[in-house]
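Trainee: quick one: sequence plus predicted model below, questions after.
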Amino acid sequence: MPLQLYDTMARAKRDFVPADPKRVTMYVCGPTVYNYSHIGNFRPVVVFDVLFRLLRQLYGEAAVCYAANVTDVDDKINAKAAEEGVPISVITDRYLAAYNGDAAALGALMPTAQPRATETMDAIIDMIGRLVENGSAYAAEGHVLFNTQAFSDYGKLSGRPLDEMIAGARVEVAPYKQHPADFVLWKPSKPGEPVWESPWGPGRPGWHIECSAMIEQELGLPIDIHGGGIDLVFPHHENELAQGICDGHQHGSYANYWLHNGFLNMGDEKMSKSLGNVALAHDLLKIQPGEVIRWALLGAHYRQPLSWTDEALTQARNSLDHLYGVLGRARHIEAGGSGALAEEQLEPLMDDLNTPAAMALLKKLATDLDAAVRKDSGQAAPLKQDLLALAGVMGFLGQDPQTWFQGGADENLKARIDGLVHARDAARVAKDWPEADRLRAELTALNVEVMDGPAGATWRIKEQA
RNA sequence: GGCCUGAUGGCGGAGUGGUGACGCACCGGACUGCAAAUCCGUGAACCCGGGUUCGAUUCCCGGUCAGGCCUCCA
């Protein structure tokens, strides 16, 4: 079964065929680094990380070029820098570091490239120059604007014909625009704001052109996959597409597959900074393992909306506890077998990244593995292999089971817990049940759960509050 | 106002033109000193109304409800 991906442009699932299997290219719109990102911002990070891992599995690690940009020129960054009285680089470096740290904690691999707008300025200015030259853009009052009239397919990606957009326009149209839908490629900086020299006067780039230029510089056009949140379809991706095509790619394309993830909701509404209903990944990671949050983020198909609830996190935690529990019981089994991940195990992911179905398969493999270990049936080794391989493609089960269950405890606490557990074991051997129960109560007070087994008691840190 | 999604058990959430995964919760049983973990098992759902069909949760039309985009936004 070939990989199928839902392409927003085609509004259908399509077989994925890269232009060059030796160099598969993917670009995903990343954060504007002016603050901590909320958990909804990390949904695409995790979703496209799974796709990145899957592509690496299919085409080889060296064959996949994945660029996720960083927008480090922006009004909000300027405002934050002004507020703190520091250069914008202080702000952007700080929050980029936090972003990358949080992404890593969520199990996301570092993309192969992380281009920054400030480091792409020459390419941005070159690209604008070419667009002006060939009549796709025009300069007016210190601005450069993209001429939407020059691109007959404008609106095709988002399904918005140009004339309809005018009817629905709710924004006042700047007087220097030739057409209401025309958008800014270059604009003058206000006093005190960062500024770059350009043939159209000092200023800074518009948001859309940054991405187009970064793609062109980092990956080359056209790319195989362009991803991002559903809200970016219009205007951001529509505009990127228009620029890219008009920049000498009329006969090719800009991106061959457009992928968009659905929103993460808080209750019934999307999580967004403007609505103020956000949960920061940075905060969540202080009280939950990143893997739990990752599991919760992948618990719904990426194109569906996902409600963010405590319940979802609890369920994620329970699921992972179960899987790690199985791995713990199978710790003496050497994973082995065919070596390659069986095609059938990959099938859910091949079907447009059906992560919920893949997670159900993980559980089935785990249940089978558990039974094989219990019956000592000889099937355990290949099952463990399959389980770990599929989990690996999804970015799960990378820890040692013992670390998973005891990871929240420091060495002192571990020693203390071990002492109590051993004392309780001794009491149980002596059939001193009141003493055993008293010790268990003491462990419970330490947020520790004991599990008696044939080979002695094991323990784990219970869910953190 | 325009455009676009979605509606599946108590909850989360896949999937399908012909008896609806999986997880959580619940219930019964096994195991346990009691638990936990594990295992076995029960119960429980396809928004409403039309249409197409031998048959629709699945396709089509209409409605209701919810959400998104049209402005920065993952």
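Mentor: Sure thing, it's come through.
Trainee: enumerate the residues of the stretch 1-150 of chain A near RNA strand B.
Mentor: Contacts of the stretch 1-150 of chain A with RNA strand B, taken as Cβ under 7 Å from any atom of the strand, map to A:11, A:29-32, A:38, A:40-41, A:43-44, A:71, A:76. For every residue, glycine as well, the C-beta is placed using N, CA and C.
Trainee: quick check on those residues: which are buried?
Mentor: Neighbour-count burial within those applies to A:29-32, A:38, A:40-41, A:43-44, A:71; the criterion is 16 or more other Cβ atoms under 10 Å.
Trainee: show me what the residue of the stretch 101-250 of chain A found nearest RNA strand B is bridged to.
Mentor: Sorted by distance to RNA strand B under Cβ to the nearest atom of the strand, the residues of the stretch 101-250 of chain A start with residue A:229, at 1.8 Å. Per DSSP bridges, residues listed as beta-bridge partners of residue A:229: residue A:261.
Trainee: spit out the contact partners of it.
Mentor: For residue A:229, the contacting residues are A:29, A:43-44, A:260-261, A:263, by Cβ atoms under 8 Å, 6 or more residues apart in numbering.
Trainee: which of the buried ones among the residues of the stretch 1-150 of chain A next to RNA strand B fall in helices?
Mentor: Per DSSP state H, helices hold the following members of those: A:43-44.
Trainee: can you get me a residue count around residue A:65?
Mentor: If you count neighbours by other Cβ atoms under 10 Å, residue A:65 ends up with 20.
Trainee: quick check on it: phi, psi?
Mentor: According to degrees, to the nearest 10, the main-chain angles of residue A:65 amount to phi -110, psi 110.
Trainee: isn't it right up against residue A:219?
Mentor: Yes: here residue A:65 lies in contact with residue A:219, judged by Cβ atoms under 8 Å, at a distance of 5.9 Å.
Trainee: who touches both of these two?
Mentor: A:25, A:113.
Trainee: quick one: low-confidence parts of chain A?
Mentor: Low-confidence segments of chain A (pLDDT under 70): A:163-172, A:249-252, A:337-340, A:463-465.
Trainee: quick one: is the helix or strand harbouring residue A:441 near RNA strand B?
Mentor: If you go by DSSP states H and E, residue A:441 is part of helix A:433-445. Yes: Helix A:433-445 comes into contact with RNA strand B (Cβ under 7 Å from any atom of the strand), by way of A:433, A:436-437, A:440.
Trainee: what's the most distant pair in the residues you listed?
Mentor: The two members of these with the most space between them (Cβ to Cβ) are A:433 and A:440, at 10.2 Å.
Trainee: what's the PyMOL syntax to select whichever of the residues of helix A:433-445 next to RNA strand B are buried?
Mentor: Applied in PyMOL, the following selects the buried portion of the residues of helix A:433-445 next to RNA strand B according to 16+ other Cβ under 10 Å:
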select buried, chain A and resi 436+440
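Trainee: nearest to residue A:452 among the residues of the stretch 1-150 of chain A next to RNA strand B?
Mentor: Within these, the smallest distance to residue A:452 is 40.2 Å, found for residue A:43 (Cβ to Cβ).
Trainee: who in the stretch 201-350 of chain A is up against RNA strand B?
Mentor: Counting by Cβ under 7 Å from any atom of the strand, the residues of the stretch 201-350 of chain A close to RNA strand B are A:207, A:228-236, A:261-265, A:268-272, A:274, A:299-301, A:304-307, A:309, A:311-312, A:314-315, A:318-319, A:322, A:325.
Trainee: please narrow those to those residing in strands.
Mentor: Counted as lying in strands by DSSP state E, out of these, are A:228-229, A:261, A:264-265, A:269-270, A:306-307.
Trainee: what subset of the residues you listed is buried?
Mentor: The neighbour-count test (16+ other Cβ under 10 Å) applied to those identifies A:228-229, A:261, A:264-265, A:270, A:306-307 as buried.
Trainee: looking at these, spot the one nearest RNA strand B.
Mentor: Relative to RNA strand B, and with distances defined as Cβ to the nearest atom of the strand, the nearest of those is residue A:229, at 1.8 Å.
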